[in-house]
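K.L.:
sequence first, predicted model second:
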Amino acid sequence: AQSVTQLDSQVPVFEEAPVELRCNYSSSVSVYLFWYVQYPNQGLQLLLKYLSGSTLVESINGFEAEFNKSQTSFHLRKPSVHISDTAEYFCAVSERNTPLVFGKGTRLSVIA
Amino acid sequence: DAGVIQSPRHEVTEMGQEVTLRCKPISGHNSLFWYRQTMMRGLELLIYFNNNVPIDDSGMPEDRFSAKMPNASFSTLKIQPSEPRDSAVYFCASRDTGAGVEKLFFGSGTQLSVL
């Protein structure tokens, strides 16, 4: 069965600094990978996804993630964070059409 | 579309009481999922339905938990009797089975506190 490990439960970072949120997965078959974002008192929203093709995927608000099969990783990065990026971020994996399995989440706090 | 609608937003109850959480999926979506979010375990899948039929309930923690989907526009998650360790945020999500697995839409959640 697939699983997801998010190595950091909390990541504080100053505004305009770069950030990386780490995600590793385990699966015996090919997978789809995702990052979701949860703002306070809201449900999760899809941030970006890797299904196939280019291993580098980007979101509309400046985040990117790179699928690394050899390291079974899908780390999320942003070169310059904004206060509005403060949220909880969840990495998720799916073995094709199976329900998503989520990591425990990483709370990103951007400090002014 | 109003999105996935969950009620209540907050529920505070005493140990031993019955709790019922409700969910209205997005119209036209034929898959519905119940997740539980806690600090210790993150987001866990409890059960999911396709076309109102429960497909996998292996995530339901105990017999105290039950879920139903009597029609395509309504689902309930019931805990009877409730215990303090059930305190968590419970999310409902829905999607169109024919769409991508990532096209999952979440409700705003029900914050459950069992005293």
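P.N.:
It's in.
K.L.:
near chain A, which residues of chain B? Just list them.
P.N.:
B:4, B:33, B:35, B:41-45, B:48, B:56, B:91, B:93, B:100-109 (CB under 8 Å from any CB of the partner chain). Just so you know, the C-beta spots here come from the backbone N, C-alpha and C atoms, and that holds for glycine as well.
K.L.:
please pick the buried ones from those residues.
P.N.:
B:4, B:33, B:35, B:42-45, B:48, B:91, B:93, B:101-102, B:104-109 (16 or more other CB atoms under 10 Å in any protein chain shown).
K.L.:
any idea how far chain B is from residue A:54?
P.N.:
Distance of residue A:54 to chain B, given as CB to the nearest CB, to the nearest Å: 16 Å.
K.L.:
number of nearby residues for that residue?
P.N.:
9 (other CB atoms under 10 Å in any protein chain shown).
K.L.:
for residue A:102, same thing?
P.N.:
23.
K.L.:
give the buried residues for the lowest-mean-pLDDT helix or strand in chain A.
P.N.:
Sorting the helices and strands of chain A by mean pLDDT, DSSP states H and E puts strand A:56-58 at the bottom, at a mean of 88. By 16+ other CB under 10 Å, the buried positions in strand A:56-58 come out as residue A:57.
K.L.:
neighbouring contacts of that strand?
P.N.:
Residues outside strand A:56-58 that contact it (CB atoms under 8 Å, 6 or more residues apart in numbering or on different chains) are A:48, A:49, A:50, A:64, A:65, A:66, A:67.
K.L.:
now do the following helix or strand past it: which elements does it pack against?
P.N.:
Per DSSP states H and E, the first helix or strand lying C-terminal to strand A:56-58 is strand A:64-68. Here strand A:64-68 touches strand A:32-38, strand A:44-50, strand A:56-58, strand A:73-78, going by 3 or more CB pairs under 8 Å, 6 or more residues apart in numbering or on different chains; DSSP states H and E.
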